[in-house]
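[1] fold the following.
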Amino acid sequence: DKISPDAGDILCRPFTGVPFASGATVTCQAQYTVSQADLDAGQVVNEAVAKAIFAPTSATPIAVQSAVDTETVLADVAPAMTLAKAVSPLAGAGVGDVLTYTITATNTGNQTLSAVEVSDPRLPALTCDTPDPISLPVGGQVICTGTYVVTQADVDAESIVNTASVEARSPQDVVVNATA
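    Numbers count the residues shown, from 1 in each chain. Prediction:
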């Protein structure tokens, strides 16, 4: 259905326009551009059928059709994500100060990702700009924010270390993750 002889998408050689003899062979070629749906499916399935009219000039022409021939080509799938985190203010925080974290998860692969979950153990109440369940197209992003109140232990340690993470699933249910 994707490549149509009516649209001139198929080129057959040799094609002389004369009746097709019994036992003769014609080779046909067509180009197809892989779609996002194909990548998400993980494959391109091509079905071909040959059709002809037997005795086209007779009083009773007969339409004939070959069996369906199917070829499946696996897609070169590469689901991937990145995660970036920023904090404000960046330095000089004291006990009781509120730090605002912005966490950005980006789909850097070539498949749509679903069940995207961003988390940070220091920020249990993240607010994301996309409602659950989160699905990210290729190049898509979800931005989450959360706040953290600086403690005396953080000041004594002279730093606040935390790691955010993101997990998602490819259409083939492959787990994709990243940390920042």
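
[2] just give the closest residue to residue 10, not the sequence neighbours.
    With sequence-adjacent residues excluded and distances taken as C-beta to C-beta, 6 or more residues apart in numbering, residue 10 is closest to residue 30, at 4.7 Å. Any C-beta I mention is one placed from the backbone N, CA and C, and that applies to glycine too.

[3] just checking, the one you found touches residue 9?
    Yes: under the contact definition of C-beta atoms under 8 Å, residue 30 touches residue 9, with a separation of 5.2 Å.

[4] strands of the protein, start to end?
    10-13, 27-30, 43-48, 51-54, 62-65, 69-74, 81-88, 98-107, 113-119, 127-128, 134-136, 141-149, 165-169, 175-179 (DSSP state E).

[5] I'd like these laid out as TSV, including mean neighbour count.
    Converted to TSV, the strands of the chain look like this (neighbours: other C-beta atoms under 10 Å):
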stretch	mean neighbour count
strand 10-13	12
strand 27-30	12
strand 43-48	13
strand 51-54	12
strand 62-65	10
strand 69-74	10
strand 81-88	15
strand 98-107	19
strand 113-119	19
strand 127-128	14
strand 134-136	19
strand 141-149	17
strand 165-169	21
strand 175-179	15
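
[6] CSV for these, including mean pLDDT and distance to residue 157?
    Formatted as CSV, these follow (pLDDT from 0 to 100; distance: least, C-beta to C-beta, whole Å):
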stretch, mean pLDDT, distance to residue 157
strand 10-13, 76, 69
strand 27-30, 83, 64
strand 43-48, 90, 51
strand 51-54, 81, 76
strand 62-65, 88, 76
strand 69-74, 94, 50
strand 81-88, 97, 16
strand 98-107, 97, 14
strand 113-119, 97, 22
strand 127-128, 96, 27
strand 134-136, 95, 33
strand 141-149, 97, 14
strand 165-169, 97, 22
strand 175-179, 98, 21
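
[7] switch those strands over to a markdown table; also include distance to residue 156.
    Shown next, in a markdown table, are these (distance: least, C-beta to C-beta, whole Å):
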| stretch | distance to residue 156 |
| --- | --- |
| strand 10-13 | 74 |
| strand 27-30 | 69 |
| strand 43-48 | 56 |
| strand 51-54 | 81 |
| strand 62-65 | 81 |
| strand 69-74 | 55 |
| strand 81-88 | 19 |
| strand 98-107 | 16 |
| strand 113-119 | 26 |
| strand 127-128 | 29 |
| strand 134-136 | 37 |
| strand 141-149 | 15 |
| strand 165-169 | 26 |
| strand 175-179 | 26 |
